[in-house]
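# Give me a model of this one.
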Amino acid sequence: MPEAIVYGPSLNMLFTSYYFIFVFLPLVWLGYQGLARVSRRVGFAWLVVASLVFYGWWDVRFVLLLLASVTGNFLAGEAIRRSLGRPERTRLVLTAAISANLAALGYYKYFLAVAGFLIGHGINVPHPDHITLPLGISFFTFTQIAYLVDVAKGRSVERDPLAYGLFVTFFPHLIAGPILHHAEMMPQFTRPRQRVFSGTDLAVGISLFVLGLAKKIIIADPMSDIVASGFGHSGSVQFFAAWETALSYSIQLYFDFSGYSDMAIGLARMFGIRFPLNFNSPYKAASIQEYWRRWHMTLTRYLMEYLFDPMALSLMRRFATRRRRQGGRMTAADRRIGIVYVPAIATMLTMTIAGVWHGAGFQFVIFGVLHGVYLSICHVWRTYRLGPQTPTKLTHIGNCLLTYLCVLVGAVFFRAASVPEACRVLAGMIGTHGIEPILVPQFMVSLFSPITGILSGHGLIAAADAMTSGPIYLRLFRLVLIYVVIWLLPNTQQIMGLYRPALGWRSTLGETRLRFHMTPRWGFAIGVVASLSVLLAQRTEFIYFQF
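Predicted coordinates for the structure are as follows:
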């Protein structure tokens, strides 16, 4: 059997590492400030070189792959541009370029999984012992495929290879997004009269970076031990432990990706570049559709624009053509097909592809299918107006909790190493592995002895000393406190709203009182958070690095 995909050896260039924070980032920023004053293009060239160094630090072997991808796709874009006006030639060049991108992605990300599946079913195929997965290959591949499609549609004709190279390789987004759109980024790279230094951009960028660093270090990383233990003992994890495992992972994933998104936006802002918003409190969503409009927003935009919309349009055209050939009118049943079934089919296909994009295991397929089913049900519900048009506050809270529960089930598959492991954790969550007794401090058992005696006799509670029960209640208190942060406090974009932290963010002054200003008090607070985060920093990867 082939080995699992492995990653490059070096972890020294994590956004959370001392080397990145205290060496790489200051050198790159100072170099850019100096060179961009001589020439804006020289400054951008410096950023391209720095981004290649950043990427090569993980595994220098893949710098050539990245350069080949950037060069090949730029030349393919030029070839498509020259073919405009000749649809067949345009389609041929576009198909060839996209196929080359997908072939490279498929080899590095899926070849071993497919080979392992075939070998497991008795089909002997040649394969290497292992394949090292180039970090960020999904992100820079999909970014460039979108560019090629838009060139073919006449939306973009980028003639500057330096601007294009920076658009693809700029290190804040290179490894794990956001997935950039050339229409948003190219004007920022080519406008001639942009200030090189802005104190506001630097202060806002550092603050965003620090807030993201704190999310990752202080909230997300401490959850990793509980998550690893729960999934590692999935066959025996009982009711409360299973729920703690699933909830802890949902928190870890939330703050890990939210932290990364803030850090990426903050890093770009330090250089005067605005990234699109990529994360906007998705656990506050009252429907699964709203969830996907808030979670990994640039991926959702990409899926909608380049997968869902073309598939839905194609299906509708096929259906309309068939009806015309049959010489029939559009009936009520036909309209239902167009309004309900076609979007549902396109949604299922899109989300299944999105699941496979995240990984080659069947657990990712189920993750995608689950969300496809969720979205389809939500679409039908809203199409036929099955729910109240103006939900009460209590109904809204119930919708948020139901949405979160659906997301939680999907997250178990997202984290599990296999489908059976995910099923075992979910089985533990419904109590099939047993329900462990709740540990109650001894003094409370004695204080409420008539009641606790009955509960203890039925195995529902167990007396414990402070050393045993204390850590459990501390973990419970931590979970409650984190959910208060998630559901009741403003997010980073609301806090930084006065300074337009990202593209696509519209802020109003009434959104929150906890609003960042350029004041000594805020500077001190950011400094304290930064110091605490740096002191606690560990060399742990971001979860989305594996995709």
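
# Make sure Phe170 is actually in contact with Phe275.
No: look at Phe170 against Phe275 with Cβ atoms under 8 Å: they stay out of range, at 9.1 Å. From N, CA and C alone the C-beta is placed, and that goes for glycine too.

# any residues in contact with both of those two?
Common neighbours of Phe170 and Phe275, counting by Cβ atoms under 8 Å, 6 or more residues apart in numbering, are Ala268.

# Show me the shaky parts of the stretch 251-400 of the chain.
Within the stretch 251-400 of the chain, the stretches with pLDDT under 70 are 323-337, 386-389.

# where along it do the helices fall?
Using DSSP state H, counting those that start in this stretch, the helices of the stretch 251-400 of the chain run over residues 288-294, 297-303, 309-326, 332-336, 342-358, 362-383, 393-415.

# of those helices, which approaches Pro161 most closely?
Pro161 sits nearest to helix 297-303 of all these, at 23.5 Å, using Cβ to Cβ.

# still on that earlier bit, tell me the most buried of the helices of the stretch 251-400 of the chain?
Mean neighbours per residue, mean count of other Cβ atoms under 10 Å, is largest over the helices of the stretch 251-400 of the chain for helix 297-303, with a mean of 22.

# Mean pLDDT per element in this structure, and the minimum belongs to which helix or strand?
Ranking every helix and strand in the chain by mean pLDDT, DSSP states H and E puts helix 332-336 at the bottom, with a mean of 64.

# any idea how the chain splits into domains?
1-197, 287-390 (automatic domain parsing).

# Let me have those in CSV, extended by distance to Ala463.
As requested, the domains of the chain are exported to CSV (distance: least, Cβ to Cβ, whole Å):
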stretch, distance to Ala463
domain 1-197, 42
domain 287-390, 40
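
# closest to Val237 out of these?
Among those, the nearest to Val237 by Cβ to Cβ is domain 287-390 (17.0 Å).

# will you turn the helices of the stretch 251-400 of the chain into CSV that also has distance to Glu88?
Converted to CSV, the helices of the stretch 251-400 of the chain look like this (distance: least, Cβ to Cβ, whole Å):
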stretch, distance to Glu88
helix 288-294, 36
helix 297-303, 27
helix 309-326, 18
helix 332-336, 33
helix 342-358, 26
helix 362-383, 34
helix 393-415, 41
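
# Asp256: which of the domains of the chain is closest?
The closest of these to Asp256 is domain 1-197. By Cβ to Cβ, the value is 10.0 Å.

# Run the chain-centre distance for the closest one.
Mean-position distance between domain 1-197 and its chain equals 17 Å (Cα atoms, centre = their mean, to the nearest Å).

# How about stretch 402-411?
The gap between where stretch 402-411 is centred and where its chain is centred comes out at 16 Å by Cα atoms, centre = their mean.

# again, but for stretch 256-270
Relative to the mean C-alpha coordinate of its chain, stretch 256-270 is positioned 12 Å out (Cα atoms, centre = their mean).

# what does stretch 418-431 give?
Taking mean C-alpha positions (Cα atoms, centre = their mean), stretch 418-431 and its chain are 24 Å apart.

# Please save the CA atoms from that stretch in PDB.
The C-alpha trace of stretch 418-431 is given here as PDB (Å, rounded to 0.1, in the frame of the first residue of the first chain):
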ATOM      1  CA  SER A 418     -11.800   7.900   8.100                       C
ATOM      2  CA  VAL A 419     -15.600   7.400   7.800                       C
ATOM      3  CA  PRO A 420     -15.600   4.600  10.500                       C
ATOM      4  CA  GLU A 421     -13.800   6.900  12.900                       C
ATOM      5  CA  ALA A 422     -16.300   9.700  12.300                       C
ATOM      6  CA  CYS A 423     -19.200   7.300  12.800                       C
ATOM      7  CA  ARG A 424     -17.700   6.100  16.100                       C
ATOM      8  CA  VAL A 425     -17.500   9.600  17.400                       C
ATOM      9  CA  LEU A 426     -21.100  10.400  16.300                       C
ATOM     10  CA  ALA A 427     -22.200   7.100  17.900                       C
ATOM     11  CA  GLY A 428     -20.600   8.200  21.200                       C
ATOM     12  CA  MET A 429     -22.500  11.500  20.900                       C
ATOM     13  CA  ILE A 430     -25.800   9.700  21.000                       C
ATOM     14  CA  GLY A 431     -24.700   7.500  23.900                       C
END
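
# Residues in contact with that stretch: which ones?
Against stretch 418-431 from outside (Cβ under 8 Å, 6+ apart): 230-231, 234-235, 237-239, 241-243, 245-246, 361-363, 366, 409, 412-413, 415-416, 433.

# Could you do stretch 253-260 as well?
15, 176, 212-217, 219-221, 279, 282-283, 296, 411, 414-415, 486, 491-492, 542-544.

# Please report how far the residue sitting furthest away from the middle of the chain lies from Met444.
Taking Cα atoms, centre = their mean, the residue of the chain most remote from its mean C-alpha position is Pro450, at 50.8 Å. The gap separating Pro450 from Met444 is 13 Å, by Cβ to Cβ, to the nearest Å.

# again with Thr321
Distance of Thr321 to Met444, given as Cβ to Cβ: 72 Å.

# Quick check: end-to-end length of stretch 75-90?
The first and last residues of stretch 75-90 sit 14 Å apart, counting by Cα to Cα, to the nearest Å.

# Surely Tyr147 is in contact with Asn73?
Yes: assessed by Cβ under 8 Å, Tyr147 is found in contact with Asn73 at 6.9 Å.

# Tell me where the stretch 401-547 of the chain has strands.
438-441, 461-464 (DSSP state E, counting those that start in this stretch).

# Local confidence estimate at Tyr107?
Tyr107 is assigned a pLDDT of 89 by the prediction.

# Out of the domains of the chain, which gets nearest to Ser531?
Nearest to Ser531 among the domains of the chain is domain 1-197; the distance by Cβ to Cβ comes to 11.8 Å.

# so how far is Thr350 from the residue nearest to Gly338 when sequence neighbours are not counted?
Leaving out its chain neighbours, the residue that sits closest to Gly338 by Cβ to Cβ, 6 or more residues apart in numbering is Met316, at 6.1 Å. For Met316, the distance to Thr350 equals 15 Å [Cβ to Cβ].

# And for Ile397?
Going from Ile397 to Thr350 by Cβ to Cβ gives 29 Å.

# do Asp256 as well
Using Cβ to Cβ, we find Asp256 at a distance of 25 Å from Thr350.

# try Thr300
On the measure of Cβ to Cβ, Thr300 and Thr350 end up 10 Å apart.

# And Pro222, by the same measure?
35 Å.

# related to what we said a few turns ago, save the strands of the stretch 401-547 of the chain as a markdown table, and put in mean pLDDT and distance to Arg521 too.
Listed next are these as a markdown table, based on pLDDT from 0 to 100; distance: least, Cβ to Cβ, whole Å:
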| stretch | mean pLDDT | distance to Arg521 |
| --- | --- | --- |
| strand 438-441 | 76 | 41 |
| strand 461-464 | 75 | 44 |
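
# Which one of those lies nearest to Val528?
Among the strands of the stretch 401-547 of the chain, the nearest to Val528 by Cβ to Cβ is strand 438-441 (34.2 Å).

# Convert that closest one to PDB, retaining C-alpha atoms only.
Coordinates of each C-alpha in strand 438-441 appear next as PDB, following Å, rounded to 0.1, in the frame of the first residue of the first chain:
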ATOM      1  CA  ILE A 438     -21.100  13.200  36.000                       C
ATOM      2  CA  LEU A 439     -18.300  13.900  38.600                       C
ATOM      3  CA  VAL A 440     -19.700  15.900  41.500                       C
ATOM      4  CA  PRO A 441     -17.500  17.300  44.300                       C
END
